[in-house]
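Participant: Requesting a structural model of the entry that follows:
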Amino acid sequence: MGNDLADVLPARFFTRADESSDESFYAGPRFVTHIDDSTIAALTEAYREVVPAGARVLDLMSSWISHLPPDVSYAHVAGHGMNGEELARNPRLTETLVQDLNREPELPWPGGSFDAALCAVSIQYLTRPLEVFCSVRRVLAPGGSFLVAISHRMFPTKAVAIWHALDVADRARLVGSYFRLSGGWTVPSIVDRSPAVGDPLLLIVAGRDGP
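Facilitator: Predicted coordinates for the structure are as follows:
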């Protein structure tokens, strides 16, 4: 899939204003939030509905906050991100991984390791999204789900070009196309969970389809 990405989606979609090392960009911790409090609350409620208690969870492109409901227990929460200090501060994580998915999109866990995968307001930074989606599918157990949450905030110089060209609704459709083009997913659903007052919040959810 990786070698054929340019044949599926144009390579120019995934250029960035800042093509310098991602490791350098994320070297220093940023203990900030990227959506407001009401939108965080809406995302937490969505996680409560989608991710069952006791699940094995992969928090992809995570940071010092996972937005999982604090009163729900999970069997295991693995957090992937770009800054080890941020991940170490996250109280929900039982395992951490620092890995640049734009350089190495294949996740290190065995197949079927997780029941749910999450990616909160970070999908816009992936330059090789189809490869990452294929890898996420592999590490999910049959029937596992992948929930991608998007909003309107970003680090503009590190977001891919196609993201800048679209509004929030079309960005959700773009993420839906990542599911369809990477293959092996149920039909993705797009749900608007934006609070009455706050940042926009769209959820794109699909399940691992087949064995």
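Participant: and the residue nearest to residue 87 when sequence neighbours are not counted, what does it touch?
Facilitator: In this structure, residue 87 finds its nearest non-sequential neighbour in residue 96, 4.1 Å apart by C-beta to C-beta, 6 or more residues apart in numbering. Heads up, the C-betas are built off the backbone N, CA and C, glycines and all. By C-beta atoms under 8 Å, 6 or more residues apart in numbering, the contact list for residue 96 reads 78-81, 84, 87-88, 90.
Participant: by contact count, what packs against the strand of greatest length in the chain?
Facilitator: Secondary structure of the chain per DSSP state E: the longest strand is strand 140-150. Applying 3 or more C-beta pairs under 8 Å, 6 or more residues apart in numbering; DSSP states H and E, one finds that strand 140-150 contacts helix 37-50, strand 114-120, helix 129-139, helix 168-182, strand 202-207.
Participant: got the contact list for it?
Facilitator: Applying C-beta under 8 Å, 6+ apart, the contact partners of strand 140-150 are 43, 46-47, 50-51, 56, 58, 112-121, 123-124, 133, 136-137, 168, 171-172, 175, 179, 185, 201-208, 210-211.
Participant: ok, 7 Å please
Facilitator: When contacts are defined by C-beta atoms under 7 Å, 6 or more residues apart in numbering, strand 140-150 is touched by residues 43, 50, 112, 114-121, 123, 136, 168, 171-172, 175, 201-208, 211.
Participant: and it, C-alpha only, in PDB?
Facilitator: Extracted in PDB, the C-alpha atoms of strand 140-150 (Å, rounded to 0.1, in the frame of the first residue of the first chain):
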ATOM      1  CA  LEU A 140      -7.300  -4.400  16.100                       C
ATOM      2  CA  ALA A 141      -9.200  -7.500  17.000                       C
ATOM      3  CA  PRO A 142     -12.000  -8.600  14.800                       C
ATOM      4  CA  GLY A 143     -14.900  -6.300  15.400                       C
ATOM      5  CA  GLY A 144     -12.700  -3.700  16.900                       C
ATOM      6  CA  SER A 145     -13.500   0.000  16.100                       C
ATOM      7  CA  PHE A 146     -11.400   3.000  15.100                       C
ATOM      8  CA  LEU A 147     -12.700   6.400  16.100                       C
ATOM      9  CA  VAL A 148     -11.100   9.500  14.600                       C
ATOM     10  CA  ALA A 149     -12.200  12.900  16.000                       C
ATOM     11  CA  ILE A 150     -11.500  16.100  14.100                       C
END
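Participant: In space, what's closest to residue 98 - neighbours in sequence excluded?
Facilitator: Nearest to residue 98 is residue 84, by C-beta to C-beta, 6+ apart, at 5.0 Å.
Participant: Bridge partners for the closest residue to residue 123 other than its chain neighbours, pull those for me.
Facilitator: In this structure, residue 123 finds its nearest non-sequential neighbour in residue 148, 5.3 Å apart by C-beta to C-beta, 6+ apart. Counting by DSSP bridges, residue 148 is bridged to residue 119, residue 204.
Participant: State the distance from residue 162 to residue 195.
Facilitator: Distance from residue 162 to residue 195, counting by C-beta to C-beta, to the nearest Å: 27 Å.
Participant: tally of neighbours for the residue nearest to residue 134 when sequence neighbours are not counted?
Facilitator: In space, and not counting its chain neighbours, residue 134 is closest to residue 182: 5.0 Å by C-beta to C-beta, 6+ apart. For residue 182, the count of nearby residues is 20 (other C-beta atoms under 10 Å).
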